[in-house]
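# quick one: sequence and predicted model below, then my questions.
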Amino acid sequence: MGDARQGGQRPAAPKRDVGAGPVARERDLYQSAFTQASLGMAILGPTGSFLAANRHLAEMLGYSEHELKSRGLAELARAEDRVLLEELWRQMRDQGIRAAQQEFRLRHKLGHLVWALMKCTLVRDPKGRPSHLVCLFLDVTRRREAEAALLESEEKYRTIFETSGTAMIIIEEDTTVSLANNEFIALTGASREYVDSRPSWREVIAEDDVERMLAYHRLRRGDPGAAPRAYEAKVKDGRGGLRQCLVTVGVIPGTARSVASLLDLTGLKRAEAERARLEEELRQAQKMEAIGTLAGGVAHDFNNILASILGFTEIALHDFLEPDHPARRPLEQVVKACRRARDLAGRILTFSRRGAEERRPLNLAGVVAEGLELLRASLPSTIRIRVEVAPEVAAGAGVVLGEPTQLQQVLLNLCANAAQAMGGPGGVQGGTLGVALDLWRSPGPEVGPLPELEPGRYLRLTVSDTGPGMEPRVVERVFEPYFTTKSHGEGTGLGLAVVHGIVKGHQGGIQVESAPGRGSVFRVFLPLAPGLAADEPAPKQAERGRGERLLLVDDEPEVVEMAATMLANLGYQVRAFESSPAALAAFLAAPAEFDMAITDQTMPLLTGVELTRALLQARPDLPVILCSGYSGTLEAKDVEALGIRRFLSKPIDREELARCVREVLGGRA
């Protein structure tokens, strides 16, 4: 192959492209950069239409470069973001802003949204009119999603922090509180401004707990597991009080901060104390119920014994002894003693029953006299009793509507409390027990020593002692159940609480005055019952029978013998039985041969109520009298519903039995 230059000819010079100068090369360079850039790039017309778009932007939005040229940017933007773009362009066009940026959402061809950061520059023509926009687009979708997730997480934990229902704080290493929720503000009574000032948690903790908690705080910084995670501490409530809280603390991983929750246990502690108090009250109530049940059983047996003693003594007095017989007076004293014992048993039975005794008009002077008579025997001789009864009260002006047994219990409890206050070592110190009755007028509500009392006249019972008196703190609690200043085993703390309850139940009031070295004075105010006269015992007359035939049933042989003898001596024909089934069999054999049945209640096999039902089923018009030494929950109104004509409590004296039988047989019951 020959060389072309060998012929002496010079090679022809290449042809130069006139347009391939520096400007063209620069243009090619810009075009290549625009096309190959790793950022989305576009040239937009003044209205936002795509004049040119590079491959990266097309791929970012899922369109071809050609497809983008047929669309406007606003067309791809989410509807609510178009307003942002229009406002951005308006500001750049009208306010002379050359460059700006905006984040907004563009719709991908496949339908999902792409977050884009757009940085654009406005190019103007030589006359200053907007020519086009040069825009760079960066896909920030992942950053936006991460920010949204972080925001959601922060919002979630802040919501938990604020709505946990428990006081929560974030604690820095130097003990300052960097964040606190509203529950913490409510617990401590602090203001939001105070909490935001980053105070130390030591400022809201009780002084005697601070050092212990500081030690835990230091331990936790060195070894999170060395300090207890939960413990109790007292927190100041901002009102001078303290709240008992359960504090739970945990270190935030990777930081020197801790998060602490404070659960207010104050209500729970009070509830636990109240529960313990109620449990103690329940135990005391169960003891009282057991005592009441025992008392009822004892009173039942006691009444049966009394019935025999009283009955046989009255038989001897009225049926065998002449009026001037020397044994009459001693036997009359036996009868009086039996009646006092019967009244005592009646009070025991009233105590043992759950039902309330019926209230009736009472002259309290008589109740006081009887109560003091019972009390004298139990008081040491070193205690003197001074009684003062106003003349108008003694004359019958002091009538109240009340339950005799309860009002006597008020007197006895107050007097017993006074006597105990005057008892020294061994109970021999002594003093003066004062009891007074007079009339008093209440000026009305919110006036006078007892503002809760309604205006009107009251009977005032005053019980005083010359004991050592009480401190004001004791006076404030003296009527609280189970509160007592006595040593363990010397009192239940119920005496004055019972007094308070009874007095309030009678629409009355009670007042106490006492001071150390000055003794104590208790005043009870009971509303008078105007227009009512005190109940007086009915005249006791032994009305005789006219040969009526009586069925007598009781499981106690002595009572059967006594009652049969007494009724026979009163002029009745008596068929007596110690067995209720035997009595029922005899009656069913000849129902017409009996004019009345008198039966005990508590009997084996058939109780008095069950026997009565059987008797009345056979003969509905048969008069029945039910007797009992202890009826439990059986009351007079209950026996009336069963068709029983009368209910009598044992022991029954001769006059009462005679009158009751006569009234029932005469149809006056």
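Yes, it's here.
# can you find the helix or strand in this protein with the smallest mean pLDDT?
helix 636-641 (a mean of 70; mean pLDDT, DSSP states H and E).
# remind me, longest helix of this structure?
helix 266-315 (DSSP state H).
# and it, what does it pack onto?
Applying 3 or more C-beta pairs under 8 Å, 6 or more residues apart in numbering; DSSP states H and E, one finds that helix 266-315 contacts strand 242-251, helix 328-352, helix 557-569, helix 654-665. Placement of C-beta: from N, CA and C, glycine included.
# distance to A290, mean pLDDT and mean neighbour count for these - can I get that in a markdown table?
What follows is the helices and strands packed on helix 266-315, written out as a markdown table (distance: least, C-beta to C-beta, whole Å; pLDDT from 0 to 100; neighbours: other C-beta atoms under 10 Å):
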| stretch | distance to A290 | mean pLDDT | mean neighbour count |
| --- | --- | --- | --- |
| strand 242-251 | 37 | 90 | 18 |
| helix 328-352 | 10 | 73 | 16 |
| helix 557-569 | 27 | 89 | 19 |
| helix 654-665 | 32 | 88 | 20 |
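# closest to L317 out of these?
L317 lies closest, by C-beta to C-beta, to one member of the helices and strands packed on helix 266-315: helix 328-352, at 5.2 Å.
# C-terminal to the closest one, what's the next element?
Later in the chain than helix 328-352, the nearest helix or strand by DSSP states H and E is strand 360-363.
# just the CA coordinates of the helix or strand following that following strand, formatted as PDB?
Later in the chain than strand 360-363, the nearest helix or strand by DSSP H and E is helix 364-376. Taking Å, rounded to 0.1, in the frame of the first residue of the first chain, the C-alpha atoms of helix 364-376 are listed here in PDB:
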ATOM      1  CA  LEU A 364     -88.100  11.500 132.100                       C
ATOM      2  CA  ALA A 365     -88.000  12.200 135.900                       C
ATOM      3  CA  GLY A 366     -89.300   8.700 136.500                       C
ATOM      4  CA  VAL A 367     -86.700   7.200 134.000                       C
ATOM      5  CA  VAL A 368     -83.900   9.100 135.800                       C
ATOM      6  CA  ALA A 369     -85.100   7.900 139.200                       C
ATOM      7  CA  GLU A 370     -85.200   4.300 138.100                       C
ATOM      8  CA  GLY A 371     -81.900   4.500 136.400                       C
ATOM      9  CA  LEU A 372     -80.100   6.000 139.400                       C
ATOM     10  CA  GLU A 373     -81.600   3.300 141.600                       C
ATOM     11  CA  LEU A 374     -80.000   0.700 139.300                       C
ATOM     12  CA  LEU A 375     -76.800   2.700 139.200                       C
ATOM     13  CA  ARG A 376     -76.300   3.200 142.900                       C
END
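# list the strands paired with the following helix or strand past helix 364-376, with their directions.
Counting by DSSP H and E, the next helix or strand C-terminal to helix 364-376 is strand 383-389. Applying DSSP bridges, strand 383-389 is found paired with strand 431-442 (parallel).
# avg pLDDT for the partner strand?
For strand 431-442, the mean pLDDT works out to 90.
# quick one: that strand to helix 364-376, angle?
For strand 431-442 against helix 364-376, the angle by axes from the mean of the first three to the mean of the last three C-alpha atoms, to 10 degrees is 160 degrees.
# run through who's touching stretch 211-218.
171, 175, 201-202, 205, 227-228, 231, 233, 247, 249, 258 (C-beta atoms under 8 Å, 6 or more residues apart in numbering).
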